[in-house]
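Asker: return a 3D structure for these sequence lines:
(one chain, ligands or ions: 1)
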Amino acid sequence: MGVQIESLFTAALGLQAPWVVEKVDFDAARRRIDFEVACTAKRLACPNCEAADQLIHDRNRRSWRHLDFFQFEAWLHADVPRVGCTVCGKTTRIPVPWAREGSGFTLLFEALALTMCQGLPVRQAAQMLRVRDKQLWRRIEHYVSEARAKQDMSSVQLVGIDDTSMKRGQDYITVAHDLDEKRLLFAVHGRDHDAVEKFAVDLEEHGGKRTAIAHACIDMSAAYAKGIATSLPRAQISYDRYHVVALANKAMDEVRTAEWKDESQRVRDELGELGARERRSILWALRRNPSGWSDKQLNAMHWLQRANLKTARAWRLKMGLREVFAHARSHNDANAAATDLKRWISWARRSRLDSFKRLGATLREHFDGVVRGMLDHRSNAFVEAMNGLLQQAKRAARGFRTATNFIAIAYLRLGKLTHLPASPFVPAMPLAAGRFTHRA
Ligand SMILES: [Zn+2]
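Answerer: Next up, the predicted model:
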C-alpha cells in the first residue's frame with residue numbers, strides 16, 4: 001500500500017510522533033487487518049527517571065488486539081524500544097500510548113469491551129468480541145477497582161443496606177446503596193453485622209463520614225441493625241416496604257402450602273377439584289396485585305375470595321397490609337401511618353393464622369422503623385429496582401459466578417462510576433458539519 005494509506009491509518013489510530021503506521025497488511029481471506037507501528041525516534045527520555053535523550057537499548061516485539069475495522073479483525077504490532085539510561089542505569093521499556101502496560105488489548109478495545117459488559121452478559125460480550133471470558137473478567141476487575149478508588153462518597157447521607165444471594169438461598173453478599181444518588185456504593189461477601197463496619201470503613205476511604213449517615217433503610221435481619229448501631233452511630237433505621245410486603249407474601253404462602261397439603265379435602269369442598277393449571281393460576285394471582293390479574297386468575301380469585309378457607313383470610317391480610325402502605329404513601333403522615341399499622345397488627349394477632357401472628361409480633365417489635373419506612377417513599381421503589389438490577393448482574397456473570405466477579409460486575413453496572421473509560425462509540429460529526437448548510 002502507498003504512503004498515503006499509512007499516514008491515513010496513523011491519523012485514524014490517533015498516533016502521534018514518534019509513532020507512525022509503517023505498514024498495513026490486509027488479508028481478506030483471513031478477515032484480518034494488521035498494522036505495523038514503528039517508533040521513529042533514535043533517542044528517548046528514560047521512562048524511569050525522565051532523563052532526556054537516552055539511547056535505545058533494544059526492542060521487544062508486542063501485539064495488541066484493536067477495534068475491528070468493518071468486519072476485519074484488527075491488530076497492532078510494534079517493536080517497542082527499551083531505553084538504556086546512563087543516568088539511573090536502568091533498562092526500561094517505554095509505555096505505548098494505545099495500551100496499558102501488560103495488556104494485549106488496546107485501550108479503545110478495552111473501553112468497547114467494558115461498554116458491552118454493561119449491557120450484555122459477559123459470556124455473550126466475549127463471544128461477540130471473539131475473546132475469552134477470562135480476559136474480560138480481568139479487565140472488568142482492573143477498571144472497576146481503578147474507578148472505585150477515585151469514587152467520591154463525601155455527600156452520602158441516606159443508605160440502603162441489603163443482602164442478595166449468589167445461589168438460591170445461600171452464599172450471601174451485602175450491598176450498600178446511596179439512596180440519594182441511586183448508586184451501589186459497596187458490596188462485600190457475607191451478611192453479618194461486620195459487613196456494616198466494612199462498609200463504614202470503605203465509605204471513609206472514599207471521603208465519606210460514618211457519622212454523616214442519617215438514615216439507613218434495611219430489612220429486618222437483626223445483624224444489620226446491630227451493625228448500624230455500632231458502625232453508623234447517627235443513623236435512624238427504617239424498614240423497607242418492599243421487604244415488609246415480601247414477609248407478608250411469605251406468611252401467606254406458608255398458610256396456603258399447609259392448608260392445601262393438610263386439609264386438601266376442605267379445599268376440594270370449597271373450590272371443587274382443581275387441576276394443576278388452576279392451582280398455579282391461583283398461586284400466582286395470590287401474589288400479584290389484582291390490577292395485574294389475567295382473566296383466568298380473575299375467575300379463580302372470584303371463587304377463592306368467597307371461600308371459607310385460611311388461604312382466603314391470609315390473602316385478605318396481605319392485601320390489608322399493602323393497603324396500609326399504599327395509604328401511607330398518599331398521606332405521608334406519621335401518626336396516621338402508626339394508627340393504620342396498629343390496627344393491622346391487632347387484626348393479624350386475632351387471625352388464628354400462626355404465620356401472620358408472628359408477622360404481627362415482628363412488626364410490633366420494629367414498629368418505629370416500619371413506620372419510618374412507610375413514609376420514606378424515596379427509598380422504597382429504589383430498593384426494589386436495585387434488586388431487579390442485581391438479578392440482572394447475576395445473570396451477566398452466569399457461568400463465572402464467583403463473589404469477586406459478581407461484585408465487580410455489580411459495581412460496573414450499578415456503581416455509577418465516573419472514572420471508567422468512555423465508550424469508543426461517540427457519535428461522529430455529520431459529514432457536512434460547519435461546511436454546508438442543508439438544502440431542503
Ligand atoms: Zn533513567
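Asker: on the pLDDT front, check residue 434 for me.
Answerer: Predicted confidence (pLDDT) at residue 434: the value is 53.
Asker: what about the closest residue to residue 90 other than its chain neighbours, which SS state?
Answerer: Computed as Cβ to Cβ, 6 or more residues apart in numbering, the closest residue to residue 90 that is not its neighbour in sequence is residue 48, at 4.9 Å. All C-beta atoms are positioned from the backbone trio N, CA, C, and that covers glycine. Put simply, residue 48 is coil when judged by DSSP: H, G, I helix; E, B strand; the rest coil.
Asker: residue 48 contacts residue 93, doesn't it?
Answerer: No - the criterion here is Cβ atoms under 8 Å, and residue 48 misses it with residue 93 at 10.0 Å.
Asker: now do the shared contacts for those two.
Answerer: Taking Cβ atoms under 8 Å, 6 or more residues apart in numbering as the contact rule, the neighbours common to residue 48 and residue 93 are residue 83.
Asker: from residue 61, how far out is the residue nearest to residue 90?
Answerer: 21 Å (Cβ to Cβ, to the nearest Å).
Asker: settle it for me: which of these two has more neighbours?
Answerer: For residue 48 and residue 61, the more surrounded residue by other Cβ atoms under 10 Å is residue 48, and the numbers stand at 16 against 8.
Asker: residues in contact with that one?
Answerer: For residue 48, the contact set (Cβ under 8 Å, 6+ apart) comprises 83, 85, 88, 90, 92.
Asker: residue 410 now?
Answerer: Neighbours of residue 410 in contact, by Cβ under 8 Å, 6+ apart: 175, 184, 187, 390, 393.
Asker: what of residue 413?
Answerer: Under the criterion of Cβ under 8 Å, 6+ apart, the neighbours of residue 413 are 118, 389, 392, 393, 396.
Asker: go again using 7 Å as the cut-off
Answerer: Counting by Cβ atoms under 7 Å, 6 or more residues apart in numbering, residue 413 touches 118, 389, 393.
Asker: among the contacts of residue 410, which ones are in strands?
Answerer: Among the contacts of residue 410, the residues falling in strands (DSSP state E) are 175, 184, 187.
Asker: let's have those residues in TSV, adding neighbour count.
Answerer: TSV is the format used below for these (neighbours: other Cβ atoms under 10 Å):
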residue	neighbour count
175	24
184	24
187	25
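Asker: would you mind listing what in the stretch 1-150 of the chain touches the ion?
Answerer: Proximity of the stretch 1-150 of the chain to the ion (Cβ under 5 Å from the ion) is limited to residues 46, 48, 49, 51, 85, 87, 88.
Asker: quick check: mean pLDDT of whatever helix or strand residue 312 lives in?
Answerer: For residue 312, the host element (DSSP states H and E) is helix 310-331. Averaged across helix 310-331, pLDDT comes to 93.
Asker: where is the longest strand in this protein?
Answerer: Assigned via DSSP E, the chain shows its longest strand as strand 54-69.
Asker: ok so, going back, looking at the contacts of residue 48, which has the most residues close by?
Answerer: Tallying neighbours with other Cβ under 10 Å puts residue 83 at the head of the contacts of residue 48, with 24 neighbours.
Asker: mind checking the SS state of that one?
Answerer: Of the three states, residue 83 takes strand under three-state DSSP.
Asker: and it, how far from residue 53?
Answerer: Distance from residue 83 to residue 53, by Cβ to Cβ: 10 Å.
Asker: any common contacting residues for the two?
Answerer: By Cβ under 7 Å, 6+ apart, no residue touches both residue 83 and residue 53.
Asker: chain neighbours aside, what residue packs nearest to residue 152?
Answerer: In space, residue 152 is closest to residue 207, 5.4 Å off (Cβ to Cβ, 6+ apart).
Asker: isn't the one you found right up against residue 153?
Answerer: Yes - using Cβ atoms under 7 Å, residue 207 makes contact with residue 153 at a distance of 5.7 Å.
Asker: more crowded one of those two?
Answerer: Neighbours per residue, other Cβ under 10 Å: of residue 207 and residue 153, the larger number sits with residue 153, 20 against 12.
Asker: quick one: pLDDT of the more buried one?
Answerer: At residue 153, pLDDT is 98.
Asker: isn't residue 49 up against residue 83?
Answerer: No - using Cβ under 7 Å, residue 49 is not in contact with residue 83; the gap is 10.0 Å.
Asker: which residues touch residue 259?
Answerer: Residue 259 makes contacts with 267, 309, 310, 311, as judged by Cβ under 7 Å, 6+ apart.
Asker: next, the residue of the stretch 251-400 of the chain found nearest the ion: phi, psi?
Answerer: Across the stretch 251-400 of the chain, the shortest distance to the ion (Cβ to the ion) belongs to residue 400, at 41.5 Å. With angles defined as degrees, to the nearest 10, residue 400 sits at phi -140, psi 40.
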